[in-house]
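Chemist: Sequence first, predicted model second:
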Amino acid sequence: MRFIADGMLGGLARWLRILGHAVAYESNSSDDKLLSKAAAQEMTLLTRDEELHRRALARNIPSILVSGESEDERLAQMARSLGISLEIDMESTLCPECGSSLRETPKVDVSSIVPATSLELYAQFWKCQNHTCGKVYWMGSHWKQINQTLTRARKLAGLGA
């Protein structure tokens with residue numbers, strides 16, 4: 001599934017990328033630009049704006065009116081309404097920042113970018129393949145919080161823990 005998210009859903013866009021879904025996100029795009037891009041590229045529009053949602057549906061553009069105040073509530077809605085898996089598979093995870101593919105990268109290749117402590121503590125690193133982004137990721141201390149959010153979202157979606 002491919003998505004385009006409105007300016008109010010940057011956090012959800014990042015989460016969906018982590019879960020392996022292509023999400024276009026431009027925080028300052030106009031409603032007309034979002035609708036045009038969604039139609040041209042056959043994307044599902046994700047929005048919190050009721051009027052934009054209605055306009056999309058009137059143009060036969062798939063659209064989800066996203067509710068929920070927290071990311072776990074929003075992720076649960078995506079799981080319930082679209083059947084999105086709330087499990088991370090690093091083989092399909094995309095860069096949360098830009099949406100490009102990630103590739104597992106040897107420590108030596110990221111040693112000038114990653115803090116020395118992280119190089120000592122962690123064995124696996126993934127680097128964004130977009131040369132203008134190039135961010136590096138690893139399963140650091142934040143990983144526990146990521147898993148907690150996904151566990152809460154699975155419970156809210158009725159998928160158990």
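Modeler: Perfect, thanks for sending it.
Chemist: Domains in the protein, by residue range?
Modeler: Listed by automatic domain parsing, the domain ranges of the chain are 1-99+142-161, 102-141.
Chemist: Among these, show me which one is buried the most.
Modeler: Among the domains of the chain, ranked by average contacts under mean count of other Cβ atoms under 10 Å, first place goes to domain 1-99+142-161 (a mean of 17). (Each C-beta comes from the backbone N, C-alpha and C, glycine too.)
Chemist: what's the distance between it and the middle of its chain?
Modeler: In terms of Cα atoms, centre = their mean, to the nearest Å, the centre of domain 1-99+142-161 is found 7 Å from the chain centre.
Chemist: Now render the domains of the chain as a markdown table, adding mean pLDDT.
Modeler: Putting the domains of the chain into a markdown table (pLDDT from 0 to 100) gives the following:
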| stretch | mean pLDDT |
| --- | --- |
| domain 1-99+142-161 | 95 |
| domain 102-141 | 95 |
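Chemist: pull the CA atoms of the longest helix along the chain into PDB?
Modeler: Counting residues, the longest helix in the chain under DSSP state H turns out to be helix 143-156. Backbone C-alpha positions of helix 143-156 (Å, rounded to 0.1, in the frame of the first residue of the first chain) are rendered in PDB as follows:
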ATOM      1  CA  TRP A 143      13.800   0.200  20.700                       C
ATOM      2  CA  LYS A 144      11.900  -0.600  24.000                       C
ATOM      3  CA  GLN A 145       9.700   2.500  23.500                       C
ATOM      4  CA  ILE A 146       9.000   1.600  19.900                       C
ATOM      5  CA  ASN A 147       8.000  -1.900  20.900                       C
ATOM      6  CA  GLN A 148       5.800  -0.600  23.700                       C
ATOM      7  CA  THR A 149       3.900   1.700  21.300                       C
ATOM      8  CA  LEU A 150       3.300  -1.100  18.900                       C
ATOM      9  CA  THR A 151       2.200  -3.400  21.700                       C
ATOM     10  CA  ARG A 152      -0.400  -0.800  22.800                       C
ATOM     11  CA  ALA A 153      -1.500  -0.300  19.200                       C
ATOM     12  CA  ARG A 154      -2.000  -4.100  18.800                       C
ATOM     13  CA  LYS A 155      -4.100  -4.200  21.900                       C
ATOM     14  CA  LEU A 156      -6.200  -1.200  20.800                       C
END
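Chemist: Appreciated, that's everything.
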